[in-house]
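Trainee: Sequence below, structure please.
(one chain, ligands or ions: 1)
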Amino acid sequence: MDIIDMTGTLDSSGLRPNAPQLIVVHSTRSYPEFGDLLAFHRERGFAGVGYHFFISASNRVYQARPMNIEGAHALGFNLRSVGICVHSKDGSIGKGVSETARALLTFVRGSIGDIEVISHTYAQVAYLNRLLDERGFGTHFDYGSDAVDPTVFDRARSELERFLDGNAGCDEDIRRIITGFKNCPGPMFNDIVRVRAP
Ligand SMILES: [Zn+2]
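Mentor: Down below sits the predicted model:
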């Protein structure tokens, strides 16, 4: 696996250090190639592509940020994770891309240690739980790594929306996570992290 070094596109002045304890996996449907993603993230005011790594529609691996620099990809995790985004046009990936993604995970773990891999879906739930805890809500949402399953995700989203309806006065951070809750990268997460029995 070759990694195309695009870290030169990042304006790292003012960015904080990152101490990765997790790898967070994302997907994008809209931005097939690195330049598309870079333009979009710059438009959003980011210092460059928000993820550390990106696997493009053409199955190329780009590094957008050094791993010891903060990311801009998962609220609550940007100072303690490596963000990886995989392009997928329709929410699924072929064998070639899943092999590339697995090789990239092996590379990252080989560089910084055998850290856990989670989906962005799960990262959102974990951050929400942390905020609910800090702010004394006494509620905890129990969706684990299976939250990328569409049935589990739909159930989770309904439950979170009901929570928001019942807690109209809750703060903006909590509201923002719940209203923006999305299944990222969705079920293809399992194609990346789970090696299935033949
Ligand atoms: Zn994501």
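Trainee: What parts of the chain come near the ion?
Mentor: 26, 120, 184 (Cβ under 5 Å from the ion). The way it works is simple: take the backbone N, C-alpha and C, and place the C-beta from them, glycine included.
Trainee: which ones among those are found in strands?
Mentor: Judged by DSSP state E, the subset of those located in strands is residue 26.
Trainee: Who wins on neighbours among the residues of the chain next to the ion?
Mentor: residue 120 (25 neighbours; other Cβ atoms under 10 Å).
Trainee: which residues touch it?
Mentor: For residue 120, the contact set (Cβ atoms under 8 Å, 6 or more residues apart in numbering) comprises 24-26, 73-74, 182, 184-185.
Trainee: Buried ones only from those, please, as a ChimeraX command.
Mentor: A single ChimeraX command selects the buried members of the contacts of residue 120 (16 or more other Cβ atoms under 10 Å):
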select :24,25,26,73,74,184,185
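Trainee: which one among the contacts of residue 120 gets closest to residue 105?
Mentor: Distances from residue 105 to the contacts of residue 120, taken as Cβ to Cβ, are shortest for residue 25 (8.3 Å).
Trainee: Tell me what that closest one is bridged to.
Mentor: For residue 25, the beta-bridge partners are residue 84, residue 119 (DSSP bridges).
Trainee: residues contacting it?
Mentor: Residue 25 sits next to 84-86, 101, 117-120, 185, 189, 192-193 when contact means Cβ under 8 Å, 6+ apart.
Trainee: Same list (these) but as a markdown table, adding pLDDT.
Mentor: A markdown table is the format used below for these (pLDDT from 0 to 100):
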| residue | pLDDT |
| --- | --- |
| 84 | 98 |
| 85 | 98 |
| 86 | 98 |
| 101 | 97 |
| 117 | 96 |
| 118 | 96 |
| 119 | 96 |
| 120 | 97 |
| 185 | 97 |
| 189 | 96 |
| 192 | 92 |
| 193 | 90 |
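Trainee: These, buried ones only, as a PyMOL selection?
Mentor: Selecting the buried subset of those in PyMOL, with 16+ other Cβ under 10 Å as the burial test, is done by:
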select buried, resi 84+85+86+101+117+118+119+120+185+189+192+193
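Trainee: What is the nearest of the contacts of residue 25 to the ion?
Mentor: Using Cβ to the ion, residue 120 is the member of the contacts of residue 25 that sits closest to the ion, with 3.3 Å.
Trainee: after the strand or helix carrying residue 23 comes which helix or strand?
Mentor: Per DSSP states H and E, residue 23 falls inside strand 22-28. Later in the chain than strand 22-28, the nearest helix or strand by DSSP H and E is helix 34-43.
Trainee: Other residues contacting the next helix-or-strand element following that next one?
Mentor: Downstream of helix 34-43, the first helix or strand assigned by DSSP H and E is strand 53-55. Outside strand 53-55, the residues that touch it by Cβ under 8 Å, 6+ apart are 3, 34, 37, 61-64, 82-87, 97, 100-101, 104, 108.
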